[in-house]
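Peer 1: Pasting a predicted model and its sequence here:
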Amino acid sequence: MGLFSRLGDAARQIRLFSLRDMAWQYAASFGVAIFGALYILAAGRVLGPQDFGAYALAMAVPTVVNALFDYRIQEVSIVVLSEKASAEDSARNMRSLFLFDVLARTVAFGISVPAGFLVLRALGIDVDPGIPWLAALGVFGAKVGIGPAIGIMRLSGKIHKYALLQSLDWALRLLGFGIVFLLGQATVETAFLVQVPPAIVINLWILYLARGIAHRSYGPIAGLAGAADQLWIFYRERSKLLFSSQTISAVDSVVKELDTLICGIFLSQHNVAVYKIAKSIAGMAWKCVDPIFVVILPNVAAYVADGKMAELSTILKKTTIYLLAIALFVYLAGWALVYPLAHYVFGPEYSDVPSIYPLISLWIVVALPFIWTHSVAIASGNAALQAWSGLLGAGIGIAALVIGAASWSLSGAALGLSVAYAAAFVISWILLVKKKIVTW
């Protein structure tokens, strides 16, 4: 039996994801990882550490604010639409999910712009006043309304369309930056500007496709008549799930971009740029395994709905062992490749990247074996458990980042990030076992 056949058999034995969905989600993840990381790496190389440090800090503000208003609607959509309901009720839920997502993203956009001005000024960074606007608009254009669209595409088995469009989005952004570079106009401002049109166009495309899927699955989704009342009813019925999801997103922001702002307080712009590049390379390594997180929830939800918790626990034990082996391989492979990448691509200005990479990517080895904990908590109706795990992990992570950056500069910040990423996964696993949601 060949290697690929054995790997396929192993994946089928785990039974928490379909190989087809996994393959398409890998296409999306690698597309985003390659084009998205290339964008960050190209910006870092072209702009230089000083300007790229300003870019990273300006980008961090709307990302953190959006995380505070991110209710993880794609996951909420999967949970809600997986429930037994009439097509009419499902259609109403779809409308409420969409309106709730739009409202949350609009509020986040309104806060992101003034917050961007204030934060950059407080950090003593002198940039064009248009940069906070462009940074916030790019995030808003990419995210508004898209949560339920992704959820319904995942449920309907159309994840391949989302995968292709997600990759196209970052490919177009990279192309735009390449054009302004060739024209000699590559600046912090244009690095943000070229991201806005692709983000909006691809978002609208995904929404259009999702609308067609929803129409075929549930019938016509009503207009705005009665939408406000229905949204309020939906909010009251789902408030616990929504706010637990919001808490998870808020604490996730610690390792998405709040860490960058913390580094901005203690490190120079040059070191912030080095930190961001090393973090982006670690993010590329994580994208090699990230699809497991994305495709596993619907399948875990099916086990929970059927009451097969004992069988699920057995599968999860095997899954954890497989994931640990994969994590070690990804970690060591990234460590081996980071030096030639930093040396030949970025040059001497980023010579510290290889030295901090083993620290900034260490979380992969700890987090990947427990990547399923979030899905189990959500699917089993224990979103609050995941929220508490996230809160505790965020507290530990913030403390680690502050102490690390203040005491040991770049290396301390890198290790602090790994602690911040890994803590929530480990705490979630401990709580799931302690509450006997899974047996170990």
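Peer 2: The structure has been received and is ready for your questions. Residues are numbered from 1 along each chain as shown.
Peer 1: Please identify the helix or strand for I296.
Peer 2: Assessed by DSSP states H and E, I296 sits inside helix 291-305.
Peer 1: now D259
Peer 2: Short version, using DSSP H and E: D259 is in helix 259-266.
Peer 1: what pLDDT, on average, does that helix get?
Peer 2: For helix 259-266, mean pLDDT is 96.
Peer 1: Then stretch 413-427?
Peer 2: Per-residue scores along stretch 413-427 average to 95.
Peer 1: By average pLDDT, which secondary structure element in the chain comes out worst?
Peer 2: helix 3-14 (a mean of 48; mean pLDDT, DSSP states H and E).
Peer 1: any idea how far G412 is from P132?
Peer 2: Distance, P132 to G412, using CB to CB, to the nearest Å: 29 Å. Any C-beta I mention is one placed from the backbone N, CA and C, and that applies to glycine too.
Peer 1: Give me the neighbour count for H160.
Peer 2: Close neighbours of H160, defined as other CB atoms under 10 Å, add up to 16.
Peer 1: just V46 next, same as before
Peer 2: 16.
Peer 1: Mind telling me what element it is part of?
Peer 2: Applying DSSP H and E, one finds V46 within helix 19-68.
Peer 1: which residues touch the nearest residue to V61 once chain neighbours are set aside?
Peer 2: Sequence neighbours aside, G116 is the residue nearest to V61 in space, at 4.4 Å (criterion: CB to CB, 6 or more residues apart in numbering). Counting by CB atoms under 8 Å, 6 or more residues apart in numbering, G116 touches A58, V61, P62, I131, P132, W133, A135, A136.
Peer 1: what's the spacing between the closest residue to the third one other than its chain neighbours and T260?
Peer 2: Which is P62. Distance criterion CB to CB, 6+ apart; nearest residue to P62, sequence neighbours excluded, is S112 at 3.9 Å. Using CB to CB, one obtains 15 Å as the distance from S112 to T260.
Peer 1: can you check E311 too?
Peer 2: 42 Å.
Peer 1: Pull the number of nearby residues for S86.
Peer 2: Count around S86 with other CB under 10 Å applied: 10.
Peer 1: For L261, see how far away it is.
Peer 2: 46 Å.
Peer 1: same deal with I248?
Peer 2: Here I248 is placed at a distance of 20 Å from L261 (CB to CB).
Peer 1: So between these two, which is more surrounded?
Peer 2: Between I248 and L261, counting by other CB under 10 Å, I248 is the more crowded of the two (28 against 20).
Peer 1: nearest spatial neighbour of that one, skipping sequence neighbours?
Peer 2: G390 (4.8 Å).
Peer 1: could you check the angle helix 259-266 makes with the strand or helix carrying that neighbour?
Peer 2: Under the criterion of DSSP H and E, G390 resides in helix 383-434. Helix 383-434 runs at 90 degrees relative to helix 259-266, counting by axes from the mean of the first three to the mean of the last three CA atoms, to 10 degrees.
Peer 1: What helices and strands are in contact with helix 383-434?
Peer 2: helix 227-253, helix 259-266, helix 269-287, helix 353-360, helix 363-367, helix 373-379 (3 or more CB pairs under 8 Å, 6 or more residues apart in numbering; DSSP states H and E).
Peer 1: Make JSON lines from those and add distance to R154 to it.
Peer 2: Below are those laid out as JSON lines (distance: least, CB to CB, whole Å):
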{"stretch": "helix 227-253", "distance to R154": "16"}
{"stretch": "helix 259-266", "distance to R154": "28"}
{"stretch": "helix 269-287", "distance to R154": "18"}
{"stretch": "helix 353-360", "distance to R154": "30"}
{"stretch": "helix 363-367", "distance to R154": "22"}
{"stretch": "helix 373-379", "distance to R154": "12"}
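Peer 1: Counting neighbours, what do you get for the closest residue in space to E349 that isn't next to it in sequence?
Peer 2: Among residues not flanking E349 along the chain, P49 sits closest, at 5.3 Å (CB to CB, 6+ apart). P49 has 21 neighbours, counted by other CB under 10 Å.
Peer 1: where does this structure dip in pLDDT?
Peer 2: Filtered on pLDDT under 70, the chain yields the residue ranges 1-31, 33, 222-225, 254-255, 291-295, 297-298.
Peer 1: So which bits of stretch 308-326 are buried?
Peer 2: Neighbour counts over stretch 308-326 (16 or more other CB atoms under 10 Å) mark M309, L312, S313, I315, L316, T319, T320, Y322, L323, I326 as buried.
Peer 1: from the chain's centre, how far out does it sit?
Peer 2: 23 Å (CA atoms, centre = their mean, to the nearest Å).
Peer 1: Adjust the sequence numbering to begin at 55 for everything that follows.
Peer 2: I'll keep to 55 as the first residue from here, and by that count the last item is stretch 362-380.
Peer 1: which residues sit in contact with the residue nearest to I302?
Peer 2: G444 neighbours (CB under 8 Å, 6+ apart): T301, I302, A304, V305, D306, A478, S482.
Peer 1: so which of the residues you listed comes closest to D344?
Peer 2: Closest approach to D344 among these (CB to CB): D306, at 13.4 Å.
Peer 1: and the closest one, what is it in contact with?
Peer 2: D306 touches A121, G444, A478, counting by CB under 8 Å, 6+ apart.
Peer 1: could I get these as a markdown table with distance to I491?
Peer 2: Formatted as a markdown table, the contacts of D306 follow (distance: CB to CB, whole Å):
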| residue | distance to I491 |
| --- | --- |
| A121 | 26 |
| G444 | 16 |
| A478 | 16 |
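Peer 1: ok, these vs H269, which is closest?
Peer 2: Distances from H269 to these, taken by CB to CB, are shortest for A121, at 31.2 Å.
Peer 1: Done for today, thanks.
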